[in-house]
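Visitor: here is a sequence with its predicted model. Questions after.
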Amino acid sequence: MKLRSSVFASFILTLEVIGMALFLRGFFPAPVKSSLPSKSKLSDLPREPLSGGSPNSSRLPQPLFNRVVIMLVDALREDFVFGPSGRMFMPYTRHVVERGSSSSFVAKARPPTVTMPRIKDNDKTSLPALTTGSIPGFIDVVMNLNSPALRKTTSFAGQTAGKRIVFYGDDTWVRLFPKHFMEHDGTTSFFVSDYTEVDNNVTRHLDSTLKRDDWDILILHYLGLDHIGHISGPHSSLIQPKLLEMDDILKKIHSALISKEAEGSLPYLLVLCGDHGMSETGSHGGSSEPEVNTPLVLISPAFKRKAGMEKPGVVEQVDLTPTLALGLGLPISQNSVGRVILSVLEETSLRDQLRFLHLNGHQLSCLLRDSTPGYEKEAGFEQFRVAEKAHGTWMKLYLEGNTSEVLSNMGKKVLKQYLEALAAMSSALSKQLGKYDMYSMIAGMVFVFQLLLVLLLAMPEALSGEAVVDIPVLSALLSLPFYLLCLLLASVHVLVCTSTESSCYFCSLSWGLVFAAVAFSSAVFCILISMAARRLPLGPKIHGKSPLRSGGSEWSLSELDVLLLAGTVGHTLSLASSSFVEEEHQIWYFLLNTLCLAVFQDVCRKYFREKRSPGDEEETVLPSKDCHSSDHPKAEIYPEKWLALATPPFTLVCCRLLRSLNQTGVQWAHIPDVGHWLNSSEHRTVLSLLAAFCLVLIYLLVQRRCSWVSKVALALGLVGVYCYRAAVGNVSFPWQRSGQTTSKGTVEARFVYVFILGIHPLHRHQGPSAIADHHSRCQVEEQGIMGDLQWLGLVVRCCFALFFAHHNLPVLCCCLLIQTLMAQFIWKKLHYDAAQTTIMHYWFGQAFFYFQGNSNNIATVDISVGFVGLESYVEAPAIFLTALSTYAGPLLWACHLVCHLSSQRDRSPVAVGHGCYCLALLRSVPAAAYIVLVTVLRYHLFIWSVFSPKLLYESMHLLLTAGICLFFNTMEQSHSSSKS
């Protein structure tokens, strides 16, 4: 079966995406689940230990608190309360921490620090209606955009029977627990441009709710601080007013609770906490200290009054779930891996403290038993049994009326044994996050590697003059090894699925899907053997076009080819190091600088060192084959030559300036950069002038081939971009007052969409149906295709002018300027072939991905772009716009690559096919290598903080490249139709 190179590459990439998805499903583990009944009842609880007799009653100690108010401030950093600026940001809260009846902690979140997993799996807000107390996985980042309801069997919400719960805030809670609130009012958590109304919608219920007595638990989730962080970072001038607002709200709640406290009743509990912190750029999702350290302040008259500021203790966020459950007299959530916070129980009797720890240990031991086959050998399980036995002995002495100091010392020893056992079991359960589905991982890995080998073996044909790949599908399906392999793989599948002790996703698939996968894998293996056998007799000489050079019948490598190959392979090998993954941008910056120097060498060699005949020299400097030497006087050669010589150094200067615009990575991300300087309110005028200059330059670079009507629409669209940024407060007009209120900019953004998308019908030329001559019709069809490409380029570039961060417009300007200069004076003049041009575009795209301020950390994803032009959260557009903005750099260079190769068809009619194949190969090699690396390093110390986020980025980039190759295929098909 013969396929064009572009079709072949698109097909391979699409299948690789499926294999990668299977690998991801096995790599990111499913959460630990308990096999206990769906609802824990009093009769299900373990009885109090008692040596030498039947176990004592299964009673729970009396509840510690009557009413609980949980005030969750999204993205509340620990230093906002406990740091040096705490007295200025939250003065009342700081006073209560230092002098009031409170207990303060630094609660550490587990990565990924995104909101939904913190609510669902992490008891960070910790209310009884909310959490399971288990640890989130990185796959929950995707679920964060569309949160399904949690079952009662897996959440603490199922244990709150009889407790009346009221909730106001993030509607993620309502989706997770749809039937557990007596009263609720949810607000969308994704519309990050709004940081005022989203909190006012919560506060407006406070006065009436605090006066009522018909609730037991009140949950308030404030989102404004998180939205400010996403918009302008933790050092914004908006941070202090928002924190003062939160401080006033806490003061109002505390005063209301004090006024309604009845004598002789159980005390109240007011909880102030954050679900995650905030990085120095204002985002979250990673594992840096500002992102994982959150304040946990428990305020209640049940605690001792403080005499001064004490250093807060350190706990895990998951520890709050069992603490609140026991404090309210409720069973602990079945899937919680947290430990009860002992300091909260200090005012209770020693018997109650031991009973609380025993209940927590019993729940953890049951969860450990369900998740670990050899749980009896776990140190924590053995310690718990020893502590339980000692507890029984202590209880016997206690019930006998022994009041000696020996009994007290013995009780403290049992208490210490319990704490050690809880710590060991919680740690063992936390490690279950690294429990992988190896069968699914290996199946996905084999699938991806088979496809990569097919891609590599097809290289001579895919990069030949015909750009057609002959795949021996029929011979493979009719061969005996195909059927033998099907039987062998089916047998292995049955053996693995019947012998494995843990759940396996691949084994849970239907037999139809499994048989299709087995047959396909067997067929690909047979195709590999056939293609390899077909290549071997050729030896070192392979006829046809070289994969990197198109001028001869044998493979030949120039100096530039060696650089491109060495750089690509070196980058792939660097992915094995966590430091190189964290600072990957440094690799691409280095490779791009080296590439510019190599290109500069080629330019110098062309114009100064090589001896050419007059005809050759004339041909190289002329812009097209249709021009003649008489049309270009010799005097015009020199400006062109100097411009060609100046292009690589100018590119180096631009890249150096862009590196200073955004500090990214991990090691130096905290260092102030030009972007921070521009974003400060003192430099609003400078940013406004820079934005206006960049938009004018974008117009000059983009409008060159537009009709006058399209130029007008483009100009109005770019004016709309500036108006949008002025509306949201990023820049200002000369007549605009500094104190003027900002808006969401919805109308301005939609204005831009209308004018930019309206360029297309204005950009099209006369259709081919009006022309009778076949040759002329083909020319007009060709012009129509090029017009579509130009329109696509206009839309992509202008949309990115709207989506880019306000200080990132220079990135877009430099990108367009470098593309223009390189296309005009480098790629055309030096006659680089399609493969070399594709690799260069790929390198530029990767470097510009990091010039935007991106990194391999989820925290750098700017989700605010997903709401440009939207009144409310709409899932599909929000995800699409966020992905489009994040991968703007690679998309800009891929779009330019299509336009450039399509415009060079007279020299190489199959250039687009070659480019599509090379792009597929460039993405497949690092993706395949990386899944092997993360499999080998799956127990590495930084597997979740460094390698896992990079795996998600690699997967998304592979999916994006598959879409780009499908577009390549469409453009080549359109060109073929116009030629026929």
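Guide: Looks like it arrived, so ask away.
Visitor: correct me if wrong: S333 contacts A325.
Guide: Yes: using CB atoms under 8 Å, S333 is in contact with A325, at 6.7 Å. Any C-beta I mention is one placed from the backbone N, CA and C, and that applies to glycine too.
Visitor: can you map out the helices along the stretch 451-600 of the chain?
Guide: 459-462, 473-477, 480-499, 505-508, 511-535, 559-574, 578-582, 584-604 (DSSP state H, counting those that start in this stretch).
Visitor: next, name the residue at the spatial heart of the chain.
Guide: I858 (3.9 Å; CA atoms, centre = their mean).
Visitor: that older thread, quick one: closest of the helices of the stretch 451-600 of the chain to V946.
Guide: Across those, V946 has its closest neighbour in helix 578-582 (4.6 Å, CB to CB).
Visitor: list of residues touching the closest one?
Guide: By CB atoms under 8 Å, 6 or more residues apart in numbering, the residues outside helix 578-582 that reach it are 574-575, 587, 665-667, 855-857, 940, 942, 946-947, 950.
Visitor: export it to CSV, keeping only CA atoms.
Guide: Taking C-alpha atoms only, helix 578-582 is exported to CSV below (Å, rounded to 0.1, in the frame of the first residue of the first chain):
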residue,chain,number,x,y,z
SER,A,578,15.9,16.1,36.2
SER,A,579,18.0,19.3,36.2
PHE,A,580,18.0,19.4,32.4
VAL,A,581,14.2,18.9,32.4
GLU,A,582,13.7,21.7,34.8
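Visitor: distance from the chain centre to it, please.
Guide: 17 Å (CA atoms, centre = their mean, to the nearest Å).
Visitor: same question, stretch 802-822
Guide: For stretch 802-822, the distance to the chain centre is 23 Å (CA atoms, centre = their mean).
Visitor: pull stretch 355-366 out as PDB, backbone CA atoms only.
Guide: Extracted as PDB, the C-alpha positions of stretch 355-366 are listed here (Å, rounded to 0.1, in the frame of the first residue of the first chain):
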ATOM      1  CA  ARG A 355      -9.200   6.500  71.500                       C
ATOM      2  CA  PHE A 356      -8.900   9.100  68.800                       C
ATOM      3  CA  LEU A 357      -5.500   7.700  67.700                       C
ATOM      4  CA  HIS A 358      -6.800   4.200  67.800                       C
ATOM      5  CA  LEU A 359      -9.700   5.000  65.500                       C
ATOM      6  CA  ASN A 360      -7.300   6.800  63.100                       C
ATOM      7  CA  GLY A 361      -4.900   3.800  63.200                       C
ATOM      8  CA  HIS A 362      -7.700   1.300  62.600                       C
ATOM      9  CA  GLN A 363      -8.900   3.200  59.500                       C
ATOM     10  CA  LEU A 364      -5.300   3.500  58.100                       C
ATOM     11  CA  SER A 365      -4.600  -0.200  58.800                       C
ATOM     12  CA  CYS A 366      -7.800  -1.200  56.900                       C
END
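Visitor: mean confidence for it?
Guide: The average pLDDT within stretch 355-366 is 90.
Visitor: and if you look at stretch 17-34?
Guide: 81.
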